[in-house]
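Asker: Sequence first, then the predicted structure:
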Amino acid sequence: MRTVVVYKTESDHAREVSDYLRDFHRQTGRELEGVNPDTRDGETFCRAYDIVEYPTLIALSDDGRMLNIWRGRPLPTINEVSYYG
């Protein structure tokens, strides 16, 4: 499983997401993958999972199936996200 955070690095929510990523790593010892929707790969990823709101966290199975999605703010709790891996 993998959990991805889709957010724009140059935005009003970037600081909040950066703090969340740091706290997540500190509390769980794991890293979340970040995706910028303003890149070619990020745009493709967002199209594939119909992501149009930022920030969005998405939990994916090993074969790419969406297990859960959290759109916008407030961000989900670290416990909610850490369940997915």
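Answerer: That came in fine, so what should we check first?
Asker: and the longest helix seen in the chain, what does it pack onto?
Answerer: Determined from DSSP state H, the single longest helix within the chain is helix 14-28. Other elements packing on helix 14-28 under the criterion 3 or more Cβ pairs under 8 Å, 6 or more residues apart in numbering; DSSP states H and E are strand 2-6, helix 78-82. (C-beta placed from N, C-alpha, C; glycine too.)
Asker: Might you list the low-confidence residue ranges for the protein?
Answerer: Low-confidence segments of the chain (pLDDT under 70): 85.
Asker: tell me the centre residue of it?
Answerer: Geometric centre of the chain, nearest residue: V5, 1.4 Å, by Cα atoms, centre = their mean.
Asker: Hmm, it is touching P37, no?
Answerer: No: counting by Cβ atoms under 8 Å, P37 is not a contact partner of V5; they are 11.0 Å apart.
Asker: So in terms of bridging, what pairs with the residue nearest to the centre of the chain?
Answerer: On the basis of DSSP bridges, V5 is bridged to G34, L57.
Asker: Off-centre distance for stretch 33-49?
Answerer: Relative to the chain's own centre, stretch 33-49 is displaced by 11 Å; criterion: Cα atoms, centre = their mean, to the nearest Å.
Asker: actually stretch 7-21, not the one I typed
Answerer: For stretch 7-21 - counting by Cα atoms, centre = their mean - the centre lies 10 Å from the chain centre.
Asker: In that stretch, which of the residues would be classed as buried?
Answerer: Neighbour-count burial for stretch 7-21 flags 7, 17, 20-21 (criterion: 16 or more other Cβ atoms under 10 Å).
Asker: just stretch 60-76 next, same as before
Answerer: By neighbour count on 16+ other Cβ under 10 Å, the buried set for stretch 60-76 is 60, 69-70, 75-76.
Asker: now, the most widely separated pair of those?
Answerer: Maximum pairwise distance in these, criterion Cβ to Cβ, is 17.6 Å, between L60 and L75.
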